[in-house]
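J.: sequence below, structure please.
(4 chains)
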Number of protein chains: 4
Amino acid sequence: MDAAHTDRIHQSFNAQAMMTTLGAAITSVAEGAVEITAPILPKATQQQGFGHAGLTFSIGDSAAGYAALTLLPLDREVVTAEIKINLLSPALGDHLRARGRVIKPGRRLVVVSSEVHALKDGEETLIAILQGTMVPVPL
Amino acid sequence: MDAAHTDRIHQSFNAQAMMTTLGAAITSVAEGAVEITAPILPKATQQQGFGHAGLTFSIGDSAAGYAALTLLPLDREVVTAEIKINLLSPALGDHLRARGRVIKPGRRLVVVSSEVHALKDGEETLIAILQGTMVPVPL
Amino acid sequence: MDAAHTDRIHQSFNAQAMMTTLGAAITSVAEGAVEITAPILPKATQQQGFGHAGLTFSIGDSAAGYAALTLLPLDREVVTAEIKINLLSPALGDHLRARGRVIKPGRRLVVVSSEVHALKDGEETLIAILQGTMVPVPL
Amino acid sequence: MDAAHTDRIHQSFNAQAMMTTLGAAITSVAEGAVEITAPILPKATQQQGFGHAGLTFSIGDSAAGYAALTLLPLDREVVTAEIKINLLSPALGDHLRARGRVIKPGRRLVVVSSEVHALKDGEETLIAILQGTMVPVPL
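T.: This next block holds a predicted model:
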């Protein structure tokens, strides 16, 4: 990854107020792969006190979108056309970590997937998998 | 809808800190159909200033889940097993409104769908459709 | 629907050997909506003797794709980028009927849905719903 | 894999007339992972002469379902509750090979995924990925 692309990812991410609200941060950027980590804040929980599916979705979707963006020219943004999430286990722990990656790059469509793990006392549990389609758009 | 079921929905919804964080409210409850409305708050936007996909997903998923819950015994909760979202247009406007409904009730699985509209100056634009599976679990 | 578009749909459909193998036929074409009907042939069953999910998928996907094609210029074909199916009930009966329709037209992406019913002794049962994305491509 | 489970998978597969129609065969069975291979027969093509999405779906879904069945007691069958397919490239070649695997086992729900490759002159191209949910049911 060249510095221009890495900077580009961070600039876009920092402009997402929702990511700040959720306390999320980009913790790794590589070609075709981006990792986002977020705490399970009390304000992002569901009725049983676990992390909300909206939190899991938000970082899983963003990690997949930025993974796509690492492979695109600097004058592009991406938007999610569609994405599907299977929730496997409750979002229980201190942090969630989403790892997005590109399955199939493309000029018109980028197929992506994402895995989200919950971290509790140093142990990782896979809590969600996502599979989706990103669309490159002009910046 | 009897009062006990309606109360049950509101109690569960009010216990979801994420819904409070997003400013979301239940605006209609009927048998097999629930509507949730949320403002597009500055803190819930993406990098272009539109509502974040995580916001659209959160209220679309919750509306579908509560639609399922209206048809279940009072000693049940629901969790999302899986849900897929197609994003059709940017979340641009004052508010988003999600209408969830039950497609196929069931004791083990409840198949649901949801439509999310953006409201701007009194006009509604369909911005997302969701299709998913809810699983009844003991309270 | 003008005759040129209707002919176009039928020509494309007739060129799909898989549809002939499954005994499927187009039974209605309108702007943004196409219906395909197929018998549940013994050769298209699964291990319990019901119609195979591959049969339900094939006609549900094709009905959605042709619904998209009704709205496109005559020099276009469509391919499925992605589609998700929720199977609600066994494919039990004499025939299956898939009704595809366009949710959101577009030059680059067409968002579609489809419902598949089983017909048995004149009664219709909803057995599957599909939600997907079609991509226009040059003929 | 014990012989009883392997036999069980083959018996169920052989009872699927659709698999015979498509010329499909199980080419590998292991715990939580099943591979199905099928030729791209002229009768299973779409309008451009490539393998039909219904063929790709059928073997991708079946491989995922049988992967789930390898982990279940002998008195169980599985049915697909839902599955989503992203189609990445045309099904072009001599054969298709689907590899299904279990992501998350469970008594009530089994989350699965599948990859489908096209084989042409000894080269493999990834043409589809699937992500879904299988439900164990009594035999």
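J.: CA atoms only for the top helix by length along chain A, dumped as PDB, please.
T.: Counting by DSSP state H, the longest helix found in chain A is helix A:53-69. In PDB, the C-alpha atoms belonging to helix A:53-69 read as follows (Å, rounded to 0.1, in the frame of the first residue of the first chain):
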ATOM      1  CA  ALA A  53     -26.400  -5.800  15.400                       C
ATOM      2  CA  GLY A  54     -26.200  -2.300  14.000                       C
ATOM      3  CA  LEU A  55     -22.700  -1.900  15.500                       C
ATOM      4  CA  THR A  56     -21.500  -5.300  14.200                       C
ATOM      5  CA  PHE A  57     -23.000  -4.400  10.800                       C
ATOM      6  CA  SER A  58     -21.500  -0.900  10.700                       C
ATOM      7  CA  ILE A  59     -17.900  -1.900  11.200                       C
ATOM      8  CA  GLY A  60     -18.300  -5.100   9.100                       C
ATOM      9  CA  ASP A  61     -19.700  -3.100   6.200                       C
ATOM     10  CA  SER A  62     -17.100  -0.300   6.600                       C
ATOM     11  CA  ALA A  63     -14.200  -2.700   6.700                       C
ATOM     12  CA  ALA A  64     -15.400  -4.400   3.600                       C
ATOM     13  CA  GLY A  65     -16.000  -1.100   1.800                       C
ATOM     14  CA  TYR A  66     -12.500   0.200   2.700                       C
ATOM     15  CA  ALA A  67     -10.900  -3.100   1.600                       C
ATOM     16  CA  ALA A  68     -12.500  -2.400  -1.800                       C
ATOM     17  CA  LEU A  69     -11.300   1.200  -1.700                       C
END
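J.: what's the mean pLDDT across the next helix or strand after that helix?
T.: Counting by DSSP states H and E, the next helix or strand C-terminal to helix A:53-69 is strand A:76-87. The pLDDT scores in strand A:76-87 average 96.
J.: whichever helix or strand comes after strand A:76-87 near chain D anywhere?
T.: Where DSSP H and E defines the elements, the next helix or strand beyond strand A:76-87 is strand A:95-104. Yes - counting by C-beta under 8 Å from any C-beta of the partner chain, chain D is contacted by strand A:95-104 at A:103-104. Bear in mind the C-beta positions are built from the backbone N, C-alpha and C, glycine included.
J.: strand A:95-104 pairs with which strands, and in what direction?
T.: strand A:33-39 (antiparallel), strand A:110-120 (antiparallel) (DSSP bridges).
J.: need the ones you listed in a markdown table with mean neighbour count, can you?
T.: Below are these laid out as a markdown table (neighbours: other C-beta atoms under 10 Å in any protein chain shown):
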| stretch | mean neighbour count |
| --- | --- |
| strand A:33-39 | 22 |
| strand A:110-120 | 23 |
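J.: now mean pLDDT too, for those strands, in a markdown table please.
T.: A markdown table is the format used below for these (pLDDT from 0 to 100):
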| stretch | mean pLDDT |
| --- | --- |
| strand A:33-39 | 98 |
| strand A:110-120 | 98 |
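J.: show me which residues of chain A are close to chain D?
T.: So far as C-beta under 8 Å from any C-beta goes, chain A lies against chain D at A:84, A:86, A:88-89, A:103-104, A:111, A:113, A:126, A:129, A:131-133.
J.: what's the ChimeraX line that selects buried ones from these?
T.: For the buried members of the residues of chain A next to chain D, the matching ChimeraX selection, counting by 16 or more other C-beta atoms under 10 Å in any protein chain shown, is:
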select /A:84,86,88,103,104,111,113,129,131,132,133
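J.: which elements pack onto the lengthiest strand in chain A?
T.: Looking across chain A with DSSP state E, the single longest strand is strand A:123-138. Contact partners of strand A:123-138 among helices and strands, from 3 or more C-beta pairs under 8 Å, 6 or more residues apart in numbering or on different chains; DSSP states H and E: helix A:53-69, strand A:76-87, strand A:110-120, strand D:76-87, strand D:95-104, strand D:123-138.
J.: tilt between it and strand A:76-87?
T.: 140 degrees (axes from the mean of the first three to the mean of the last three C-alpha atoms, to 10 degrees).
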